[in-house]
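1. fold the following, please.
(one chain, ligands or ions: 2)
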Amino acid sequence: MSKNFDVIVIGGGPGGYIAAIRAAQLGLSTACIDEWKNDKGGPAPGGTCTNVGCIPSKALLQSSEHFEHAGHGFAEHGIEVKGLKLNLAQMLGRKDTVVKQNNDGILYLFKKNKVTFFHGRGAFVKADADGYEISVTGKTTETVKGKHIIVATGSNPRALPQVPFDEKLILSNTGALAIDAVPKKLGVIGAGVIGLEMGSVWRRLGAEVTILEALPTFLGAVDQQIAAEAQKLFAKQGLTVELGVKIGEIKAGKEVSVHYTDAAGKDHKVQFDRLIVSIGRVPNTIGLQPEAVGLALDERGFIAVDDHCRSNLPNVWAVGDVVRGPMLAHKAEEEGVAVAERIAGKHGHVNFNTIPWVIYTSPEIAWVGKTEQQLKAEGIAYNAGTFPFMANGRARALGDTSGMVKFLADARTDEILGVHIVGPMASELISEAVVAMEFRASAEDIARICHAHPSLSEATKEAALAVDKRSLNF
Ligand code: FAD
Ligand code: NAI
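-> Ligands and ions are numbered 1, 2, ... in the order given. The predicted model follows:
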């Protein structure tokens, strides 16, 4: 039986399910195909983000932070905790419940918006004048047809050559979110976003964590003043990061042994109870059969698209991790909405210059726009202003005074070019900077806006004032 739709979305992660909802809202008959299975074999839409990414990692970051506060932070507030114990099974179970709530929420939203959901793998079969035939293979195989196809098939973790993930000893993000006993010694390869977030979770729960990073600089994409501050704070917490290493042989037996050469050229062999490999992700087109219709991939395996997410084929679009650009859930969502609107004849847009980044460590790291090193490389004259949380009343009351807010503004026009934060609730504070940059505000604009007292956001205002060397509280 053939079913015809205006739009078929392949992949139900944040790029795909949001595109499907928006297309349906715009009156297009829409289907979304997603193959993710829960532990009972049922549908679990939401993709990497919901199942083994953003949501479960933030659930564990929150739980592990509570545990650390109860163990080390509460005493300062005059709260004594006796007999503190970790119930890891309960903590992991709570994380799974949060994931399921999100899966169920998406299925509910599909129903509410009249998106037809198919649980199975979508693959291109053929194209003709009316559109594209897509096979859906789940418990059975059926064929559906769409005038427009949006590919949102996401990404997979990159493995080290010759070291496949077994998810028992050598873990991708999937295994790293489900370790059933706190490892005594945890190794992490790659000091990127996942390495720092998952390393933080297991360190707070009691593991001795060593992160091995190939590059000589810590968080090279982050403003280096912010990265240096974060590195200092992580070292104080006992999160060991070794930079400039070269990973050699890795052997898994009862434990995992890792050979590596350090930055000075000295050889090491270390034993870990578990090893997380977090060295980036690769686009996923497994089983999609792009060749059946001649859908072009680029040299790195991403679906080749233009700035508007158009592929080389008419009416075939692609969004999210499977196309160029940052691998972030909110970037995928923005592209999904923009494509649905373009299909409906509207003018969807994504501003790639104002996509915020957040690393959910403690303190959090968040930024938008250009770093100081980028401005220097591009020869753009700028003024910088910083303000430390140490001088912010709310941060002192919270007992979390680490870090700073940093503004970078055009030297001639004062337009905000970048905002960088390491500190408490940086993930929430960065939104003000994103809004300001979308409206092309100047640092002076933020400096003149009344911010509530006492609030962490006053540090943002003060950093904006500091651009003109007139911060008030420092
Ligand atoms: P995905 O979420 O990967 O979804 C793709 C979906 O398509 C999957 O369900 C897959 O099963 C399905 N699929 C693939 N092929 C087919 C097919 N042929 N047929 C049917 N279905 C198919 N980003 C953030 O912005 N904030 C965070 O805090 C954050 N934390 C993260 C933490 C971790 C540990 C990881 C790994 C990632 C994190 N990310 C975070 C990144 C974020 O998860 C991704 O950028 C986002 O999920 C990409 O969305 P997507 O829709 O492109 O793809
Ligand atoms: P990443 O790109 O953030 O970091 C990978 C790190 O591994 C880099 O520092 C790289 O230099 C290093 N590396 C690469 N090869 C290596 C090797 N052979 N030996 C040692 N080090 C090596 O990738 P990560 O952490 O795997 O995360 C993937 C993506 O998922 C992120 O880039 C991000 O887009 C997304 N993500 C986003 C989160 C967020 O928004 N908070 C959280 C987690 C993931």
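2. how about the helices in the stretch 1-150 of the chain?
-> 14-25, 47-52, 54-68, 88-113 (DSSP state H, counting those that start in this stretch).
3. out of these, deepest packed?
-> Highest mean neighbour count among the helices of the stretch 1-150 of the chain (mean count of other Cβ atoms under 10 Å): helix 14-25, with a mean of 28. Placement of C-beta: from N, CA and C, glycine included.
4. if we can go back for a sec, can I get the helices of the stretch 1-150 of the chain in a markdown table with distance to ligand 2?
-> Converted to a markdown table, the helices of the stretch 1-150 of the chain look like this (distance: least, Cβ to the nearest ligand atom, whole Å):
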| stretch | distance to ligand 2 |
| --- | --- |
| helix 14-25 | 11 |
| helix 47-52 | 8 |
| helix 54-68 | 6 |
| helix 88-113 | 15 |
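5. near ligand 2, which residues of the stretch 51-200 of the chain?
-> The stretch 51-200 of the chain has residues 160, 189-195, 197 near ligand 2, with proximity defined as Cβ under 6 Å from any ligand atom.
6. so which of those residues are in strands?
-> Residues of those located in strands (DSSP state E): residue 189.
7. so which of the residues of the stretch 51-200 of the chain next to ligand 2 is the closest to residue 56?
-> Distance to residue 56 across these (Cβ to Cβ) is lowest for residue 197, with 11.0 Å.
8. who touches that closest one in this structure?
-> Neighbour list for residue 197: 57, 61, 359-361 [criterion: Cβ atoms under 8 Å, 6 or more residues apart in numbering].
9. wait, a helix at residue 465?
-> Yes: with DSSP: H, G, I helix; E, B strand; the rest coil as the criterion, residue 465 is part of a helix.
10. and for residue 428, the neighbour number?
-> As a burial measure, residue 428 scores 14 neighbours (other Cβ atoms under 10 Å).
11. hmm, residue 260 is touching residue 214, no?
-> No: the pair residue 260 and residue 214 fails to qualify as a contact (Cβ atoms under 8 Å) at a distance of 9.5 Å.
12. out of these two, which sits in the more crowded spot?
-> For residue 260 versus residue 214, the count of surrounding residues by other Cβ under 10 Å is larger for residue 260: 20 against 14.
13. so that one is in which element?
-> Applying DSSP states H and E as the criterion places residue 260 in strand 256-261.
14. quick one: strands adjacent to that strand?
-> Applying DSSP bridges, strand 256-261 is found paired with strand 246-252 (antiparallel), strand 267-272 (antiparallel).
15. rewinding a little: include mean pLDDT and distance to residue 438 when you put the helices of the stretch 1-150 of the chain into TSV, please.
-> Shown next, in TSV, are the helices of the stretch 1-150 of the chain (pLDDT from 0 to 100; distance: least, Cβ to Cβ, whole Å):
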stretch	mean pLDDT	distance to residue 438
helix 14-25	98	19
helix 47-52	98	23
helix 54-68	98	23
helix 88-113	98	26
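16. now the ones you listed as JSON lines including distance to residue 380?
-> Converted to JSON lines, the helices of the stretch 1-150 of the chain look like this (distance: least, Cβ to Cβ, whole Å):
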{"stretch": "helix 14-25", "distance to residue 380": "32"}
{"stretch": "helix 47-52", "distance to residue 380": "34"}
{"stretch": "helix 54-68", "distance to residue 380": "32"}
{"stretch": "helix 88-113", "distance to residue 380": "41"}
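17. closest to residue 332 out of those?
-> Among these, helix 14-25 comes nearest to residue 332, with 3.3 Å by Cβ to Cβ.
18. related to what we said a few turns ago, take the contacts of residue 197 and write them to a markdown table, including distance to residue 107.
-> Supplementary listing: the contacts of residue 197 in a markdown table, determined by distance: Cβ to Cβ, whole Å:
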| residue | distance to residue 107 |
| --- | --- |
| 57 | 22 |
| 61 | 26 |
| 359 | 30 |
| 360 | 26 |
| 361 | 32 |
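19. going by distance to ligand 1, which of the residues you listed wins?
-> Nearest to ligand 1 out of these is residue 57 (Cβ to the nearest ligand atom; 4.4 Å).
20. list the contacts of the closest one.
-> The contact partners of residue 57, taken as Cβ under 8 Å, 6+ apart, are 173, 177, 194, 197-198, 201, 360.
21. and ligand 1, which of those residues reach it?
-> When contact is defined as Cβ under 6 Å from any ligand atom, the contacts of residue 57 meet ligand 1 at 173, 194, 360.
22. pretty sure the last one is in contact with residue 62, am I right?
-> No: checked against Cβ under 8 Å, the pair residue 360 and residue 62 is beyond contact range at 9.1 Å.
23. for PyMOL, what selects the buried ones among the contacts of residue 57?
-> Per 16 or more other Cβ atoms under 10 Å, the buried members of those correspond to this PyMOL selection:
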select buried, resi 173+177+194+197+198+201+360
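24. any idea how far the closest residue to residue 202 other than its chain neighbours is from ligand 1?
-> Distances taken as Cβ to Cβ, 6 or more residues apart in numbering place residue 186 nearest to residue 202, at 5.1 Å, with adjacent residues excluded. Distance, residue 186 to ligand 1, by Cβ to the nearest ligand atom, to the nearest Å: 15 Å.
25. what pairs with residue 186 across the strands?
-> Note on residue 186: beta-bridge partners by DSSP bridges are residue 209, residue 274.
26. any idea how far it lies from residue 52?
-> 18 Å (Cβ to Cβ, to the nearest Å).
27. now swap in residue 31 and tell me
-> Using Cβ to Cβ, we find residue 31 at a distance of 24 Å from residue 52.
28. which residue ranges make up each domain of the protein?
-> Domain assignment for the chain by automatic domain parsing gives 4-157+282-350, 170-279, 354-467.
29. do the last one and ligand 2 meet at all?
-> Read that as domain 354-467. Yes: residues of domain 354-467 contacting ligand 2 under Cβ under 6 Å from any ligand atom: 358-360.
30. if you skip the residues just before and after it, what's nearest to residue 193?
-> Per Cβ to Cβ, 6+ apart, closest to residue 193 is residue 359, 5.4 Å.
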